[in-house]
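Enquirer: No sequence on hand, only this structure:
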């Protein structure tokens, strides 16, 4: 067993990136989903099915980073029950194209949440990322933003996207980046650039499955 | 705030029922779902939507109780990746009627899993539970069984259902009971009757939301 | 090409069963779905996927048998638009077990529709069908009922189920039977027994795919 | 009742745009969906739910425009059944943003179909539409293309998108435009520009519900 398949341990290493980087609690189930998504022999149908499962788990955990209030409700039998409810004012923003794979998962959890979109492209000459399209709820500055982008190798695309959000006056600590797979270098880049932003990922590993978007959507 | 809304703490109390009773890790998100399902003012549409979310989380955690093997896969870039995969040979069994609400959640996680069914009814004279219908995969004795039943007040229905499974030669320790809400008394009854069966629930609380099936399906 | 694969023509033969038997308009698409469901080499995953598609089409057409009113709505630009809306007071009833395969399709079209259930079993000695379980909305007598049962060979099970509905004071002409495949003999039996009930099917053919429920649910 | 709510009749008027413009067969059900989508008082949750239903019906009918072959399959009981199957080699392309609302509907019908994407934007100075992003399956020139765009007022965006497809050597008669609502002027523009392309829509009416994308996604 060579070094190339040694996984970053899920408890300790996130720590070095500070408290805002959070790892989905790993278990056999999550590792199986990660394995299927890594395996080059996985069919497209299976890939999409299992990607959607991992996405839902990451979205559920991301939503758990949002602020909640306590509340008291009455049950059908007339008893009080002390509960919890979301603070209102959230929205989703996907980074085209792979981020769009996470939109359905978000809708599966928050039926009528507003979902905006950012398209960042790399200039073929200068290799610099630039924003070519952005569409948000008009009151995005007043909302918590779940920013969706499943795969991070360098973090450059996310940097651009977060800057667009900040130009729209979204506070950095109102952003939760929802991610499936990140390299340590991308984690380093992003936590350094935006120390107040929360990041939720399912795996820190030095190779990111960059075929994700292509395999999920079937386009090159 | 009266005693009636004091929740059983989610860390300690499960312990008294032994190691086979497992509680879904609680967080704000899970508590919000539980709150919505308890609230008598929740609309049927919302009830179903949020029930489905809690069900998926419980199913995901139940599946995590199943045995896994390690495996090695090759990634599209030609690297090896050390992963995890299910051992084959599982099936689901729902207890009619409320258990059927969990079938779709199971399918959302295991696309083509076989799902059997048990119908237990209470005799209106003797109040005794009896099995009136059972349909299983023919080789159920060789499978792990995810038994689905969301609400337990007394545990009587589950007792009957597990006995039917055992009559079909399913080993007790091959059964994982997937449950949303249980009373402590039902937990006591079931862990005593079937000490080898695994039980996964999201909440131990002395009042169970018995309106669950009726509200989910809209029938009385 | 032998007689056994000659299909009943979709325009004329339904006519002989009277005006209440309606055939889903056939086209290449529908015939492909029927072909996949007939083919013994179809995998269970595919079977379920394509069954769900045919079910949705049949459900959509069944809903179209329900009474509508005209209405006038205002558009966001302030114009009036003359439209159509359902009369309220519908519900679904599935006949266990294969009818349950149609519940999700109904929910995909009518999000919060109430769904009841009837379980009919054949006595192993006398071969007579009898009702062992029935659960309905309490006010079912005042509702239109979409009765779901995908495969009919003899019609006996449906006869029993409709009789249960009538015992609950549902008017015969308030029942719409939603079906995928029926034999001519079952169509004859049912239209004779219940001349006022509407029947919607996708195919009249002398062999019914009786493996439907078993393949859909994966149980024997 | 003023002229502004008079609907174009669904049988005749499509005829004037030639044989390649096809209207979804209208019925009470379809008219109800159209009514809900027009109504300014429809909630976002309902809007999305009913839009998804109309989208599925339009997608099903669009798929029916694709070429089929006959085939012979064997049933589980050993009989031959003469059936129908798709010719392979299709893909979907959505026009961002509103076209993306139709992607899920396409996936609900064709599980693993490849889906490309085109982003057309209007220059704020010149008001001219231009393509800022396009991503396709690499072999799109060999495929039938289901082009998804729900609302057409002028047809300008679709003109640009089809030109991009033609630049990628997709034959005009290999394109099926899948649309929910079109104005007669847009229908005229498009059938004139691309007489060989098939167009499938659910309604020809002089006012298009231009709030569609904004209401579906909740962004301005």
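Expert: Okay, I see it. Just so it is clear, the structure is predicted and the values come from calculations on it, not from any experiment.
Enquirer: C-alpha from now on. contacts and neighbour counts both.
Expert: Fine.
Enquirer: What parts of chain A come near chain B?
Expert: A:4-6, A:27-29, A:31-32, A:34-35, A:38-41, A:53, A:60, A:63-64, A:68, A:73-76, A:79-86, A:108-109, A:209, A:211 (CA under 8 Å from any CA of the partner chain).
Enquirer: Could you tell me which of the residues you listed belong to strands?
Expert: A:68, A:73-74, A:80-86 (DSSP state E).
Enquirer: and the residues you listed, which are buried?
Expert: A:68, A:73-74, A:80-86 (16 or more other CA atoms under 10 Å in any protein chain shown).
Enquirer: Mind listing residues that contact the worst-scoring helix or strand of chain A on mean pLDDT?
Expert: Every helix and strand of chain A was ranked by mean pLDDT, DSSP states H and E. The lowest is strand A:129-135, at a mean of 86. With contact meaning CA atoms under 8 Å, 6 or more residues apart in numbering or on different chains, strand A:129-135 is reached by A:116-123, A:156-157, A:160-161, A:164, D:132, D:219-220.
Enquirer: low pLDDT regions in chain A?
Expert: Low-confidence segments of chain A (pLDDT under 70): A:1-15, A:124, A:127, A:220.
Enquirer: let's see 50
Expert: A:1-12 (pLDDT under 50).
Enquirer: Now do the least confident helix or strand of chain A against strand D:129-135, angle only.
Expert: Using axes from the mean of the first three to the mean of the last three CA atoms, to 10 degrees, the direction of strand A:129-135 lies 110 degrees away from that of strand D:129-135.
Enquirer: Is there contact, residue-wise, from the helix or strand just after strand A:129-135 to chain D?
Expert: Sequence order places strand A:144-148 as the next helix or strand after strand A:129-135, per DSSP states H and E. No. If you take CA under 8 Å from any CA as the test, strand A:144-148 misses chain D, and the best it gets is 13.3 Å.
Enquirer: strand partners of strand A:144-148, parallel vs antiparallel please.
Expert: Strand A:144-148 has the following sheet partners, assigned by DSSP bridges: strand A:90-96 (parallel), strand A:175-178 (parallel).
Enquirer: Quick check: next helix or strand after the shortest one?
Expert: What it means is strand A:175-178. Downstream of strand A:175-178, the next assigned helix or strand under DSSP H and E is strand A:181-182.
Enquirer: residues in contact with that following strand?
Expert: A:150-153, A:201-206, A:208-209.
Enquirer: How many residues are close by the residue nearest to residue A:50 when sequence neighbours are not counted?
Expert: With CA to CA, 6 or more residues apart in numbering or on different chains as the criterion, residue A:50 has its nearest non-adjacent residue at 6.0 Å, and that residue is residue A:33. Residues lying near residue A:33 (other CA atoms under 10 Å in any protein chain shown) number 21.
Enquirer: close enough to count as contact, residue A:33 and residue A:56?
Expert: No. Taking CA atoms under 8 Å as the definition, residue A:33 is not a contact partner of residue A:56, at 11.6 Å.
Enquirer: on that earlier part again, who touches the residue nearest to residue A:50 in this structure?
Expert: Counted by CA under 8 Å, 6+ apart, residue A:33 has contacts A:50-51, A:53-54.
Enquirer: 10 Å instead?
Expert: A:47, A:49-55, B:83-85 (CA atoms under 10 Å, 6 or more residues apart in numbering or on different chains).
Enquirer: can you list the residues of chain A near chain C?
Expert: Not one residue of chain A sits near chain C, judged by CA under 10 Å from any CA of the partner chain.
Enquirer: Residues of chain A that sit close to chain D?
Expert: A:43-49, A:91, A:97, A:100, A:104, A:111-117, A:119, A:121, A:132-133, A:135-140, A:214-220.
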